[in-house]
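Colleague: generate coordinates for the sequence data below:
(2 chains)
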Number of protein chains: 2
Amino acid sequence: MSGWLAVIGLGPGDPMLLTPQAQAALAAADALYGYGLYLDRVPARDGQSRHVSDNREEAARAAAALARAVEGANVAVVSGGDPGVFAMAAAICEQIEAGPEAWRALDVSVVPGITAMLAVAARVGAPLGHDFCALSLSDNLKSWELIERRLDAAATAGFVIALYNAISRARPWQLGAAFERLRRHLPATTPVVFGRAVNRPDERITVTTLADADPVSADMATLIIVGSAETRVVERPGLPPLVYSPRGVRA
Amino acid sequence: MSGWLAVIGLGPGDPMLLTPQAQAALAAADALYGYGLYLDRVPARDGQSRHVSDNREEAARAAAALARAVEGANVAVVSGGDPGVFAMAAAICEQIEAGPEAWRALDVSVVPGITAMLAVAARVGAPLGHDFCALSLSDNLKSWELIERRLDAAATAGFVIALYNAISRARPWQLGAAFERLRRHLPATTPVVFGRAVNRPDERITVTTLADADPVSADMATLIIVGSAETRVVERPGLPPLVYSPRGVRA
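Modeller: Modelled structure (predicted):
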């Protein structure tokens, strides 16, 4: 008899932003699979096994979790943020498509979560208040030329841009190159938000401009929002500024 | 003495997808402001006033809520989904920028929620598993020419496209025109997902192709995801198909 597999979004890390649906699925699982930093956020429970893997081993993790569920276990695969946004849900689907027929018959579900761009946006106002895109700067699985073409398209069409996977030790120059690329199209005063470890104790949020945006302000835990030409900064006495994109665009 | 104002995301409508942070803010508020359909989702509580307004009166609602908070009340402004995505958080920021100085000194916070595209994506697999954009088809506050330019840019650059505000009685032709526009750029077989009232009792999800996508399948409660040329559909015996966008793009 098959078990089930749920791909679960843990949100930004604060339990106050974990949905009841995610909590319930985590509590009902026999086996948890995930990257160590994410599994560490889930309280241990007797009788529940934990399978830690590196964050570059998504395909192998997905296959192991699927195999375990087909054997009869109720399996939770955890992701930070939302599992459908640059995370484990696509890796699970890829494995199902490529894998044995039995995997297609499995009860698979995805439990959504608060993805990083929504959490960062909420902390500064409403920078995603109008048309926007989400773009991964990782060139492990697509070419850098394609990333540049997407940056060009998004900036010239007026989308606010949320940058995921902006920087890592293995990809140190891409974020600087992306800012350079965006400076071709957007005003120097375009607001840029660096949101690091948002809703966690080591949260750090910086609001700057495209002219001053420095990749040094980012690490692996940082989500970056680059405004459009419409995005505004509202200064407030004794409070951090609000950053927002108006609901309309003047003709 | 000032109160506070929280702009709260109710998620798709299922209480299992309402975050504990949103629940706590709703419980602590003296006054609730919002569109009737959203306020109806919040259980009534003694001593808490409710201020219903039409969904086209966002600016007036934001101003009324801010004025009430400055008078000393703890005010919750509710949005479906995430308040930062085509919703009330930007309307509040606009009013703060344009309003009296006292509004800038107010304790304003945004509580994120599961926005419709994440909920729809979770129900079908991982169509937002790679670069994507969110685009409102409402031409009330921007020109239709700009919407067409953004559709062109997103489709030709390979973004998956989530369409918000796709159709309404006042905007009956825009969705059909958008599909026509996208057919210029994308294969006829591109997967399209109609997600109506997702996670609510009257949920209806349809997976089709761009060639067959018919605006008749959509109403005001429908979020539409148009895949990229990379998006795939995995058929499953006795189960709905999975729709996903792979994590990489072949060179």
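
Colleague: buried sites along stretch A:244-251?
Modeller: Buried residues in stretch A:244-251, counting neighbours by 16 or more other C-beta atoms under 10 Å in any protein chain shown, are found at A:244-249. C-betas here are computed from N, CA, C, even on glycine.

Colleague: between these, which is closest to A:Leu106?
Modeller: The shortest approach to A:Leu106 among the buried residues of stretch A:244-251 belongs to A:Ser245, at 40.7 Å (C-beta to C-beta).

Colleague: show me the contacts for that closest one.
Modeller: A:Ser245 is in contact with A:126-130, A:132, A:160, A:227-228, A:230-232, B:90, counting by C-beta atoms under 8 Å, 6 or more residues apart in numbering or on different chains.

Colleague: for A:Leu141, same thing?
Modeller: Applying C-beta under 8 Å, 6+ apart to A:Leu141 gives the contacts B:247-249.

Colleague: let's see it at 6 Å
Modeller: A:Leu141 is in contact with B:247-248, counting by C-beta atoms under 6 Å, 6 or more residues apart in numbering or on different chains.

Colleague: between the contacts of A:Ser245, which has the most around it?
Modeller: Taking other C-beta atoms under 10 Å in any protein chain shown as the neighbour criterion, A:Pro127 ranks highest of those with 34 neighbours.

Colleague: where along the stretch 101-250 of chain A do the strands fall?
Modeller: Taking DSSP state E, counting those that start in this stretch as the test, the strands found in the stretch 101-250 of chain A are A:107-111, A:125-126, A:132-136, A:160-164, A:191-196, A:204-209, A:222-226, A:232-236, A:239-244.

Colleague: mean neighbour count, those: which tops it?
Modeller: Mean neighbour count (mean count of other C-beta atoms under 10 Å in any protein chain shown) peaks for strand A:125-126 among these, with a mean of 31.

Colleague: helices or strands next to that strand in the packing?
Modeller: For strand A:125-126, the elements it packs on are strand A:239-244, helix B:88-98, judged by 3 or more C-beta pairs under 6 Å, 6 or more residues apart in numbering or on different chains; DSSP states H and E.

Colleague: how about a markdown table for the ones you listed, with distance to A:Asn165 added?
Modeller: Converted to a markdown table, the helices and strands packed on strand A:125-126 look like this (distance: least, C-beta to C-beta, whole Å):
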| stretch | distance to A:Asn165 |
| --- | --- |
| strand A:239-244 | 22 |
| helix B:88-98 | 25 |
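
Colleague: and of these, who's closest to A:Arg68?
Modeller: Of all the helices and strands packed on strand A:125-126, helix B:88-98 comes closest under C-beta to C-beta, at 40.8 Å.

Colleague: is that closest one anywhere near chain A?
Modeller: Yes. Interface with chain A: helix B:88-98 contributes B:89-90, B:93-94, B:97 (C-beta under 6 Å from any C-beta of the partner chain).

Colleague: low-confidence stretches in the stretch 1-150 of chain A?
Modeller: For the stretch 1-150 of chain A, the stretches flagged by pLDDT under 70 are A:1.

Colleague: flag every residue of it that's near chain B.
Modeller: A:16-17, A:19-21, A:82, A:84-85, A:89-90, A:93-94, A:97, A:104-105, A:110, A:112, A:114, A:118-119, A:121-122, A:125-126, A:128-129, A:131-135, A:141-143, A:149-150.

Colleague: and A:Ala188, what's its pLDDT?
Modeller: On pLDDT, A:Ala188 comes in at 98.

Colleague: for A:Ala229, see how far away it is.
Modeller: A:Ala188 is 11 Å from A:Ala229, where distance means C-beta to C-beta, to the nearest Å.

Colleague: equivalent analysis for A:Tyr35, please.
Modeller: Using C-beta to C-beta, one obtains 37 Å as the distance from A:Tyr35 to A:Ala229.

Colleague: what about these two, which has more around it?
Modeller: Between A:Tyr35 and A:Ala229, counting by other C-beta under 10 Å, A:Tyr35 is the more crowded of the two (20 against 13).

Colleague: ok, the more buried one touching A:Glu57?
Modeller: No. Under the criterion of C-beta atoms under 6 Å, A:Tyr35 is not in contact with A:Glu57, lying 8.5 Å apart.

Colleague: which residues does A:Val75 bridge with?
Modeller: Beta-bridge pairing for A:Val75 (DSSP bridges): A:Leu5, A:Ala31.

Colleague: what about stretch A:157-169, average pLDDT?
Modeller: 97.

Colleague: which residues are contacting that stretch?
Modeller: Contacts of stretch A:157-169 with the rest of the structure, by C-beta under 6 Å, 6+ apart, involve A:86, A:117, A:128, A:131-138, A:154, A:175, A:218, A:220, A:222, A:224-228, A:245, B:133, B:149-150, B:153.

Colleague: much appreciated, bye for now.
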